[in-house]
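Trainee: I would like to see how this sequence folds:
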Amino acid sequence: MDDLLKLSFDSDVPLGVMSTRLLAACVAGLIVGFEREVRDRPAGLRTHMLTALASSVFMLIAIEMIHSFGGDDDITQLDPTRVVQAVTAGVAFLAAGTIIHGRGSVRGLTTGASIWLAGAIGLACGAGYLRLAFLAVLLSVLILLPIRMLETHWFGKPPIGKGEAGVAIEQRLRAALNFAAEPPRTDIYFRVPSRAPAQAKLRGGAQFGIKELLTRDGGLEHWRPVVSSRFPLDDEDRATLARLFPTIPTALTSLAALREVLLAEGDEVVVDKRRHIATDAGGLRAEIAKASLGGQQYSTLCLEHENPAELTRQVDRFGFGDWSNVSYPDWITRNA
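Mentor: Reported below is the predicted structural model:
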């Protein structure tokens, strides 16, 4: 053992300090990677922890080398920023492996960025800038927190149900917000059994989408888009499809095959839409639309916001009063 220790250079960084920095890097990587792990992304806890730990080790090696080999002469000048550059490039290469580009969409950017951040935090821990590392972790947690977009829908026959009250609400919305018309489109909704409240549809006849109902907050609902892709579906989308609709095969390679299976499990409902969308600086999203279902024309209103208290305030502001929230699946069930 003594002979083995003789082969090692004396460390200028005390063992306790070194251990603290490495442990801090592991904890930081765990915190940053937790959200990715919960969301079942390709890189989770261990990837982020190992990235942060490795970056911290590289930084500590650079510090030790400066103390061991550094000098005042021109020959032995060492630049620690070169280690930072090398680690940054290496981690960026690792992060790029999580990014997938295909079928007109790019996925995995957030996971790639979080791995890159884990490397940066590891470097900060290894250099001893623990306060900087802690601040970076705190900000990353705030950024990676899922946006909780709540929504509330109202449906009614033209002009917007409930007669003059509906017309007055639409007028208030149009006076307060700048609405823009979207091209008309046809959505196909599939009514099939699922493990959790979920809505599967073809947007515009080509884009396959699934929304999952996470929570109900009073009269508000939190729907999260979990699939929005064209065929063929990637591994992540197939895993989501299997989780929510276990009776549907995940090896489907075409839209026609998916529709055939979905129709065997249930039925489909065609809805023609003409939508007007508006957003404001406070994060409110409003929709006024005309929808056709089964030959009957309907008018719809929708408000969305990530803050339930703010959404409730906007509901009162525009005078919806005691109107009941009706989601698209509920509306289709009642009227199809």
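Trainee: so which residues of this structure form helices?
Mentor: 2-6, 15-38, 45-69, 81-96, 109-127, 130-144, 164-176, 235-244, 255-265, 308-317, 328-335 (DSSP state H).
Trainee: so which elements touch the last one?
Mentor: Looking back up the chat, that one is helix 328-335. In terms of contacts (3 or more Cβ pairs under 8 Å, 6 or more residues apart in numbering; DSSP states H and E), helix 328-335 is packed against strand 150-156, strand 185-191, strand 285-293, strand 296-305. (C-beta placed from N, C-alpha, C; glycine too.)
Trainee: one more time with 7 Å, if that's ok
Mentor: If you count contacts as 3 or more Cβ pairs under 7 Å, 6 or more residues apart in numbering; DSSP states H and E, helix 328-335 packs onto no helix or strand.
Trainee: and if you look at the longest one?
Mentor: Taking 3+ Cβ pairs under 7 Å, 6+ apart as the contact definition, the neighbouring helices and strands of helix 45-69 are helix 15-38, helix 81-96, helix 109-127.
Trainee: out of the helices of the chain, the one nearest Leu293 is which?
Mentor: Leu293 lies closest, by Cβ to Cβ, to one member of the helices of the chain: helix 328-335, at 5.6 Å.
Trainee: for the record, mean pLDDT for that closest one?
Mentor: Across helix 328-335, pLDDT averages out at 80.
Trainee: could you export that helix as PDB, CA atoms only?
Mentor: Only the C-alpha atoms of helix 328-335 are listed here, as PDB (Å, rounded to 0.1, in the frame of the first residue of the first chain):
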ATOM      1  CA  TYR A 328     -63.500  18.000 -26.300                       C
ATOM      2  CA  PRO A 329     -63.900  14.300 -25.400                       C
ATOM      3  CA  ASP A 330     -66.900  15.100 -23.200                       C
ATOM      4  CA  TRP A 331     -68.500  17.300 -26.000                       C
ATOM      5  CA  ILE A 332     -68.000  14.500 -28.600                       C
ATOM      6  CA  THR A 333     -69.400  11.900 -26.300                       C
ATOM      7  CA  ARG A 334     -72.500  14.000 -25.700                       C
ATOM      8  CA  ASN A 335     -73.200  15.000 -29.300                       C
END
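Trainee: between that helix and strand 185-191, how big is the angle?
Mentor: Going by axes from the mean of the first three to the mean of the last three Cα atoms, to 10 degrees, helix 328-335 is angled at 80 degrees with respect to strand 185-191.
Trainee: quick check: buried residues in helix 328-335?
Mentor: Tyr328, Pro329, Trp331, Ile332 (16 or more other Cβ atoms under 10 Å).
Trainee: hmm, which two among the residues you listed are most spread apart?
Mentor: Longest span within the buried residues of helix 328-335, Cβ to Cβ: Pro329 and Trp331, 7.3 Å.
Trainee: that older thread, closest one to Ala200 out of the buried residues of helix 328-335, please.
Mentor: Pro329 (9.7 Å).
Trainee: with mean neighbour count, mean pLDDT and distance to Leu202 as extra columns, can I get the helices and strands packed on helix 45-69 in JSON lines?
Mentor: Shown next, in JSON lines, are these (neighbours: other Cβ atoms under 10 Å; pLDDT from 0 to 100; distance: least, Cβ to Cβ, whole Å):
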{"stretch": "helix 15-38", "mean neighbour count": "19", "mean pLDDT": "80", "distance to Leu202": "29"}
{"stretch": "helix 81-96", "mean neighbour count": "15", "mean pLDDT": "74", "distance to Leu202": "32"}
{"stretch": "helix 109-127", "mean neighbour count": "24", "mean pLDDT": "81", "distance to Leu202": "25"}
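Trainee: still on that earlier bit, okay if I get the helices of the chain as a markdown table plus distance to Arg275?
Mentor: Formatted as a markdown table, the helices of the chain follow (distance: least, Cβ to Cβ, whole Å):
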| stretch | distance to Arg275 |
| --- | --- |
| helix 2-6 | 72 |
| helix 15-38 | 32 |
| helix 45-69 | 40 |
| helix 81-96 | 37 |
| helix 109-127 | 28 |
| helix 130-144 | 30 |
| helix 164-176 | 13 |
| helix 235-244 | 25 |
| helix 255-265 | 23 |
| helix 308-317 | 19 |
| helix 328-335 | 13 |
